[in-house]
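Build me a model:
(one chain, ligands or ions: 1)
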Amino acid sequence: MLFSYELLGRLFVYLAVAVFLITAMVLLLGAYSFRKHKIIFPNFILFMLYLFYSPAKWICRVFFIKEDIVDEILIEIRNAVMLDKFKKTKERRAVILPQCMRSPKCRARCDPILGYECTKCGMCDIARIVEAADKYNFKVFVVPGDSFVRKILKSYNPGACLGVACYVELTESMQAVSKYMPVQGVCLIKDGCYDTKVDVDEVISKMEMCDV
Ligand code: SF4
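I've put the predicted structure just below:
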């Protein structure tokens, strides 16, 4: 019995070391792709980094690297992999924005299915995004949470989706939504739950690059 416990212990250590080495290798590969804008084995990196998401974050913490790099890699690689299909989608293109981007003084009505109905009052950046969306044939949804994303996917059935959120939420939602349609993601530059900000020009340039 003692022998079995010892064997189990060894197996566990070997497994932990293997996970550490594989995750570190995938992280290095992903970081290289991300920095050089030259994606190597994208599907392998996506699969492995989602599988070992928590160990990858732990490795970053241990080596004093910012944890968000894991999400940045996943988002950028997903963007690169899906860009062509995204650009070619002409029907029912959607932009999904978090409600925390609204001005604290926003008076938009919240529809129980579609989320906040922006009136383009100009008090926050959403007005600019909605105006660009009208021009480039996208529909904008300003959502209070994940449950609204599910409702929109069901009711509007987008052909392609451009999402804005904080790192962790964007990583999770891009993985979930990409099973059904091409996606692109842009991360918030100021996150939190209140008065958040995104690089509006980056969001608009993602819409602009699509065939109108
Ligand atoms: S621009 Fe739209 S979302 Fe922003 S405060 Fe005005 S109505 Fe609300």
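
Mean confidence (pLDDT) on the helix or strand containing Val70, please.
Val70 is part of helix 68-88, with elements assigned from DSSP states H and E. Averaging pLDDT along helix 68-88 gives 94.

buried stuff in it?
68-82, 86 (16 or more other C-beta atoms under 10 Å). (Each C-beta comes from the backbone N, C-alpha and C, glycine too.)

next one: stretch 24-41
Val26, Leu27, Leu29, Gly30, Ala31, Ser33, Phe34, Ile39.

now the strand ranked longest in the chain: how far from the chain's centre is it?
Ranked by residue count under DSSP state E, the longest strand found in the chain is strand 183-190. Mean-position distance between strand 183-190 and its chain equals 6 Å (C-alpha atoms, centre = their mean, to the nearest Å).

With stretch 43-63 instead?
On C-alpha atoms, centre = their mean, the centre of stretch 43-63 falls 15 Å from the chain's centre.

Can you measure across it, start residue to end residue?
End-to-end distance for stretch 43-63: 26 Å, by C-alpha to C-alpha, to the nearest Å.

show me what contacts Met207?
Arg93, Val95, Ala132, Ala133, Lys135, Tyr136, Phe138, Leu162 (C-beta atoms under 8 Å, 6 or more residues apart in numbering).

Would it be right to say that the second one lies in a strand?
If I follow you right, that is Val95. Yes: counting by DSSP: H, G, I helix; E, B strand; the rest coil, Val95 is found in a strand.

Identify the spatial nearest neighbour of the residue positioned nearest the centre of the chain, chain neighbours not counted.
The residue lying closest to the centre of the chain (C-alpha atoms, centre = their mean) is Leu170, at 2.7 Å. Taking C-beta to C-beta, 6 or more residues apart in numbering, and ignoring the residues beside it in sequence, Leu170 has Gly185 as its nearest neighbour in space, at 4.7 Å.

Any chance you could note which residues of this structure sit beside the ligand?
Within the chain, the positions near the ligand by C-beta under 6 Å from any ligand atom are 102-103, 106, 108, 118-124, 126-127, 142.

that older thread, just the ones of the buried residues of stretch 24-41 in helices?
Val26, Leu27, Leu29, Gly30, Ala31, Ser33, Phe34 (DSSP state H).

tell me what the host helix or strand of Leu21 is packed against?
With elements taken from DSSP H and E, the one containing Leu21 is helix 2-36. Here helix 2-36 touches helix 42-51, helix 53-62, helix 68-88, going by 3 or more C-beta pairs under 8 Å, 6 or more residues apart in numbering; DSSP states H and E.
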